[in-house]
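Visitor: sequence-free structure coming up:
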């Protein structure tokens, strides 16, 4: 009789545990409502932007800063955006820089990933190249613009060279840091299952090092974007077109602070947009696949 009762109780307990796990899983992957998304993610930056605009306009209205050559009004900057839009130039400014930045970043990704993997796994290369990568990462990107102009001239190749020199060290170092944090048990388990060489790197090392690698990618994009802006500001030519950096330099040459602010806001907008559209979803996916992203 006792064994019969135990047999009946076990399926009930198993069903209860399964239901609890299903509820827990639903709590983790469930979607938030639009109201929660709006109040938690959309509304705060809107409020912050409104506060900045109010303070900015107050500085003009109360004559705290009454020199328009130093601080233009929000209306003046808005008119600059309006004129560029009506002339059909605004999207051209953005696309010129964004297309260069993304293509250069993809080149840096294709070079920095295998380089970081080799430096992390080959002791001789780490001893020989590791310090050089760290030194290149700390070197200001603007320092590469003059030699790149002398070597390659005023063309897009020069722009891509500056982007590569700024982004590759960050991507490689990020991957090296991520691989260094991989538990040795993962590597031994992979070798036991036959995952060695390129198979081990693809199926074991890279997935385990993904958080550090993603941090390196994010930093690499920041360096590539800064490098591109420095190159566009310093090296200007009609053949290169007008990107955001060139727009900023044109505003300085024309002593037009409204154009300068227009360029600054566009550069800031692109940086925020790339982070929100590419890197933030990647970070959430990495956290979710590791069970670190839960609903509060």
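Guide: Okay, I see it. Everything numeric here is computed off the predicted structure, so don't read it as measured data.

Visitor: alpha carbons only for contacts and neighbour counts from here, please
Guide: OK.

Visitor: I figured residue 158 hits residue 152, correct?
Guide: Yes: distance between residue 158 and residue 152: 5.5 Å, which falls inside the contact criterion (CA atoms under 8 Å).

Visitor: of those two, give the one with the bigger neighbour count.
Guide: residue 158 (23 against 13; other CA atoms under 10 Å).

Visitor: and the more buried one, what element?
Guide: Assigned by DSSP states H and E, residue 158 falls within helix 156-180.

Visitor: what helices or strands is that helix leaning on?
Guide: Identification of packing neighbours for helix 156-180 by 3 or more CA pairs under 8 Å, 6 or more residues apart in numbering; DSSP states H and E yields helix 90-121, helix 123-138, helix 145-152, helix 206-208, helix 210-234.

Visitor: between these, which one is closest to residue 182.
Guide: Taking CA to CA as the measure, these were each checked against residue 182, and helix 206-208 came out nearest at 5.9 Å.

Visitor: does the closest residue to residue 74 other than its chain neighbours belong to a helix or a strand, and which?
Guide: Taking CA to CA, 6 or more residues apart in numbering as the measure, residue 74 lies nearest to residue 57, with 6.6 Å between them; neighbours along the chain are not counted. Secondary structure from DSSP H and E places residue 57 in helix 43-61.

Visitor: residues in contact with that helix: which ones?
Guide: Applying CA atoms under 8 Å, 6 or more residues apart in numbering, the contact partners of helix 43-61 are 65-66, 73-74.

Visitor: who wins on neighbours among those?
Guide: Note: the member of the contacts of helix 43-61 with the most neighbours is residue 73, at 22 neighbours, neighbours being other CA under 10 Å.

Visitor: where does it land on pLDDT?
Guide: As predicted, residue 73 sits at a pLDDT of 88.

Visitor: buried ones in stretch 245-256, by neighbour count?
Guide: By neighbour count on 16 or more other CA atoms under 10 Å, the buried set for stretch 245-256 is 245-251, 256.

Visitor: neighbouring contacts of that stretch?
Guide: For stretch 245-256, the external contacting residues (CA under 8 Å, 6+ apart) are 69, 93, 97, 228-233, 236, 257-260, 262-264.
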